[in-house]
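> Sequence below, structure please.
(4 chains)
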There are 4 protein chains.
Amino acid sequence: MELNGVEIEDTFAEAFPIKIARILITGATKRWALVAAQEATGFGTSVIMCPAEAGVEKVVNCNETPDGRPGAYIQICTFGFKSLEEQLLKRLGQCVLTAPTAAMWNGLPNAEKQFDTGFKLKFFGDGFESETNIGGRKAYKIPMMQGDFIAEHGIGAQEGIAGGNFFIMADNQMAALAAAENAVDAIAQLDGTITPFPGGIVASGSKVGFTNYKFMKATTNEKFSPSIKAKIKDTQVPADVNAIYEIVINGLSVEAISKSMKAGIEAAVMIPGVKKISAGNYGGTLGPHKFSLHGLF
Amino acid sequence: MELNGVEIEDTFAEAFPIKIARILITGATKRWALVAAQEATGFGTSVIMCPAEAGVEKVVNCNETPDGRPGAYIQICTFGFKSLEEQLLKRLGQCVLTAPTAAMWNGLPNAEKQFDTGFKLKFFGDGFESETNIGGRKAYKIPMMQGDFIAEHGIGAQEGIAGGNFFIMADNQMAALAAAENAVDAIAQLDGTITPFPGGIVASGSKVGFTNYKFMKATTNEKFSPSIKAKIKDTQVPADVNAIYEIVINGLSVEAISKSMKAGIEAAVMIPGVKKISAGNYGGTLGPHKFSLHGLF
Amino acid sequence: MELNGVEIEDTFAEAFPIKIARILITGATKRWALVAAQEATGFGTSVIMCPAEAGVEKVVNCNETPDGRPGAYIQICTFGFKSLEEQLLKRLGQCVLTAPTAAMWNGLPNAEKQFDTGFKLKFFGDGFESETNIGGRKAYKIPMMQGDFIAEHGIGAQEGIAGGNFFIMADNQMAALAAAENAVDAIAQLDGTITPFPGGIVASGSKVGFTNYKFMKATTNEKFSPSIKAKIKDTQVPADVNAIYEIVINGLSVEAISKSMKAGIEAAVMIPGVKKISAGNYGGTLGPHKFSLHGLF
Amino acid sequence: MELNGVEIEDTFAEAFPIKIARILITGATKRWALVAAQEATGFGTSVIMCPAEAGVEKVVNCNETPDGRPGAYIQICTFGFKSLEEQLLKRLGQCVLTAPTAAMWNGLPNAEKQFDTGFKLKFFGDGFESETNIGGRKAYKIPMMQGDFIAEHGIGAQEGIAGGNFFIMADNQMAALAAAENAVDAIAQLDGTITPFPGGIVASGSKVGFTNYKFMKATTNEKFSPSIKAKIKDTQVPADVNAIYEIVINGLSVEAISKSMKAGIEAAVMIPGVKKISAGNYGGTLGPHKFSLHGLF
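Predicted coordinates for the structure are as follows:
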């Protein structure tokens, strides 16, 4: 199968369950909402060694938020609800409550699982805080140096999916990178997904386990490493490919991830020099979710 | 004392020792170097509940880096060297090694304390990595999907200072915020300091301990909270002040923090509506470093 | 009438007819499409002394463009079709054809008035160009240093409206400015309108004619000038207002301008310190279009 | 000669005299100074069909400006002083006087040629303006809606140079483009030069005159057009090159342009996929200034 002359490999992305909390951060302007959102989702690429996977889902306008200010949805993901609650307290308490003009709202008000993160953060108010209701949401007004911080009482979470992905293979590193940027921009317009890696892009797609270093749990994927393709017998790097970037996508549902993979791939193949789109899987042994690339179109 | 008609209070900022590692991240372009730098320094405002305090120190040009590419210095700070090493491994391994086109270099090559973070990260190469020398620096070339990741062998660290600070008090929240932005921009031009909070700005300057909630270790500073100034007997919010932002500065030396405080205050007072500059201290009980505001000028 | 506690004056914006051409510029990525769009719409605030009024209307995704790449609609406005055609040739020829990865498409393919700007620009190809069809659009492929430039044959234009506007009055300049930025961000999401001034904002709302200098056709509006309000007998600056920004809106229809005025005002009143929203008119003597502020809500 | 493994052709850039005015625009913050600077320098790529060539030279800090606010130097260039004065009046009057928080200062206070642009713009004040002195500069305070606009009395101009240039040739369009971006970023740090094309980059390097269309004065340079290299007998596009971007540099002196060409080339060759650096000349027939590429190093 080809898209804009680029081969789409007949393979699938393998993904696995994760717990996702979704928060709407508003700010005085879009720019300030994003400042808070970026700090709160930093150091959040992979749960291998980050305390959470996190990213900005989508920017929203004034008329889509409880307080009538512009905002951004973020997602924070961990494997268990306990660690998720801890991450919510830490990331919202240290990176949103502290951020200029930011307010925090429940991004999954209808989810079954609800954390009382706003309730817990209100104790920073030291007795000077008060309960309020804004846009139909029960919230706390916490007086602080800048004025008041508004925190909605609860933050919802749900079972989601981590590790949706595709590979962009190009003849030149800058082509692969521009394609990856284009894909991330396209995905950023869509509901329900994040691309948690730096700038939404993974430079270092890995394999589970090791070939040589027995003490390692995840290592470079030498079969997909262009700079050593001549030395690796069963390399999967095509002759005309010299760089590969992976886009990893977490999201709230199979549908959301499928839409984002499709939009991302359609954007990526428009860049001159892109040769092939593939995806990462472990033969179906790792995760219960399989996203067939051909099935997206 | 006045600066551009703004009162500079005769007070001091109180700061305390911290361990600081300094890393130079380079990228294909300035934009990509910053993508890695921002991910690696996110979720890094305050060690109260973040695993580290971290920020971008300064952007540098091609001719100031070992590999001739543009870059950015970042700082990562914790209270002990052990936790600092752990943060280096995690943040550089998950947010720089994974970032498109990024490379990592020792930002304190002459420091006594050196971590072998690059050496440890090379094991991701699973035996396919090799040693190299670039710009006089011993480094590792790790083949990965994008091509090679370059990591210098060591990352230096030293005793530094956390908590340099000043308060910007204005008649309007947006005035205080524009002044804070202007201050952060000015500090970003200078060597040796970071402003670790979101966008470099603290909305929620706190007090140690509590007034009402005995179980809290740090709470809102009600005496500096404009929205309740009418209710707080000994409020320190002037009658014409309705918003206060704090700039917190970490840095490598007393001189670096002094220069940044000076430049930040000079920038802040240029914004119409700024009424007063103050600073946060605990009567000298918390930290050994005291930065007199009047002494800066 | 009040909105979020801010007075909306019972007045109207007076606007007048103008000719508008609409162009869709696509690029390899959103960022590069915007580089071309910004250059092409610069030096384009007011036809008083600029050769055109121009601005970026709206960013669009890959799936909304003929070539499947991200893009931005721009509008270019002058009083007559002859000067409009000249501006199209100059601005598209010098600022889009020259811009990295840009392509140009007809933004009003169904308009009655069509200029053959693409046809004229193809002569830059010096005989090496060729006709092509992309996404159902007749276009030219012009070989150049970067590769090929794609120009659609025609660019449509229509009768539009210039000078939709509102005033944001605040107690502090930075508050008025943040409100103006928030308004411009909100309008930028909507179809059919541009805000042609720098950053979308007018600092110097003027009056027609003069009070003192007989040789001037447009001068400062002293009745709306906060810094001299004490000296102007019939000042219209409220006692608690110290800064006013005007948002000027051009657009394709009465409906488009009404929607943008409404969205802009709703965004502006959310900023603390905004006291009043008004609008600019000349008692109905200048333009045939009247936009009642109260009528918007 | 090679730089980082990239061939530097033994050729020269040919440049010619132009008149340059230099203006320092300050703003409340760096961001707002740049908003004014970008509007004022838009529609300013080439005097072939733009009313001027213009660009942002360099961002400066608070302590480098007369009013203690951050700023940006811009340059505006035309062939004669008469058209230059007209462009100053129009661009500063419509794009800086109108821009939020902007002020304008003389960027060449010691030049022999001085225009009284500030003096002329003060008449917008309609008699409500006043003379003032800020940072040792004679200036006017013009009351307007936002507050006061500050315009220095004079704007200096001098004989400068247009058309310094180099070509970046790469195997892939995105590689050439990333190299061009890197070059423009490096040049943006330096004094005295601008890169007037969109994003600083020329996609459509041209030849003087025509091959086929006798009515054209400047047309595509088919010998440097990669997409038709197979059809052009004496093509100068190397076999492994598929895209070329040109960086055009205007500046105040031979030294400034030489430094910028050198820094730009050094940055460009760091991008993987760049194959060759060349430059544009007309055999020495067009301009009196010749910049040898080898002579730069």
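> now the helices for the stretch 51-200 of chain A?
A:81-95, A:117-121, A:173-187 (DSSP state H, counting those that start in this stretch).
> most packed of these?
Mean neighbour count (mean count of other Cβ atoms under 10 Å in any protein chain shown) peaks for helix A:173-187 among the helices of the stretch 51-200 of chain A, with a mean of 28. The C-beta positions use only the backbone N, C-alpha and C, and glycine is treated the same way.
> follow-up on the earlier one: including mean pLDDT and distance to chain C, could the helices of the stretch 51-200 of chain A go into CSV?
Shown next, in CSV, are the helices of the stretch 51-200 of chain A (pLDDT from 0 to 100; distance: least, Cβ to the nearest Cβ, whole Å):
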stretch, mean pLDDT, distance to chain C
helix A:81-95, 98, 22
helix A:117-121, 98, 21
helix A:173-187, 98, 5
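> Get me the contact residues on chain A for chain C.
Within chain A, the positions near chain C by Cβ under 8 Å from any Cβ of the partner chain are A:4, A:28-31, A:61-63, A:67-70, A:147, A:178, A:181-182, A:185-186, A:189, A:263, A:266-267, A:270-272.
> filter these down to the ones close to chain B.
A:28, A:147.
> In strands only, show me the residues of chain A next to chain C.
residue A:147 (DSSP state E).
> Please indicate which of the residues of chain A next to chain C are buried?
A:28-31, A:61-62, A:67-70, A:147, A:178, A:181-182, A:185-186, A:189, A:263, A:266-267, A:270-272 (16 or more other Cβ atoms under 10 Å in any protein chain shown).
> Tell me which residue of the stretch 1-150 of chain A lies closest to chain D.
Relative to chain D, the nearest point of the stretch 1-150 of chain A is residue A:31 (8.9 Å; Cβ to the nearest Cβ).
> which residues touch that residue?
Applying Cβ atoms under 8 Å, 6 or more residues apart in numbering or on different chains to residue A:31 gives the contacts residue C:181.
> how near is it to residue B:183?
17 Å (Cβ to Cβ, to the nearest Å).
> okay, now residue A:214: neighbour count?
7 (other Cβ atoms under 10 Å in any protein chain shown).
> Secondary structure of it: a strand, I assume?
No: according to DSSP: H, G, I helix; E, B strand; the rest coil, the state of residue A:214 is coil, so it is not within a strand.
> Could you list the contact residues of the stretch 151-297 of chain A toward chain B?
For the stretch 151-297 of chain A, the residues in contact with chain B (Cβ under 8 Å from any Cβ) are A:167, A:173-174, A:176-177, A:180, A:197-199, A:201-206, A:210-213, A:215-216, A:218-222, A:224-228, A:231, A:242-246.
> List only buried entries from the residues you listed.
A:167, A:173-174, A:176-177, A:180, A:197-199, A:201-206, A:210-211, A:213, A:216, A:218-222, A:224-228, A:242-246.
> Next, the angle helix C:173-187 makes with the helix or strand harbouring residue A:38.
Under the criterion of DSSP states H and E, residue A:38 resides in helix A:30-41. Here helix A:30-41 runs at an angle of 80 degrees relative to helix C:173-187 (axes from the mean of the first three to the mean of the last three Cα atoms, to 10 degrees).
> Helix A:30-41 vs helix A:81-95, what angle?
Using the same axes, to 10 degrees: helix A:30-41 against helix A:81-95 is 130 degrees.
> what comes up buried for helix A:30-41?
For helix A:30-41, burial by neighbour count (16+ other Cβ under 10 Å) applies to A:30, A:31, A:32, A:33, A:34, A:35, A:36, A:37, A:38, A:39, A:40, A:41.
> Turn the helices of the stretch 51-200 of chain A into TSV, including distance to chain D.
Output for the helices of the stretch 51-200 of chain A, formatted as TSV (distance: least, Cβ to the nearest Cβ, whole Å):
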stretch	distance to chain D
helix A:81-95	22
helix A:117-121	30
helix A:173-187	4
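> Save those helices as TSV, and put in distance to residue A:16 too.
As requested, the helices of the stretch 51-200 of chain A are exported to TSV (distance: least, Cβ to Cβ, whole Å):
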stretch	distance to residue A:16
helix A:81-95	16
helix A:117-121	25
helix A:173-187	19
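> Next, the contact list for the spatially closest residue to residue A:123 that is not a sequence neighbour, please.
Spatial nearest neighbour of residue A:123, chain neighbours left out: residue B:213 (5.4 Å); criterion: Cβ to Cβ, 6 or more residues apart in numbering or on different chains. The contact partners of residue B:213, by Cβ under 8 Å, 6+ apart, come to A:123, A:126, A:127, B:219.
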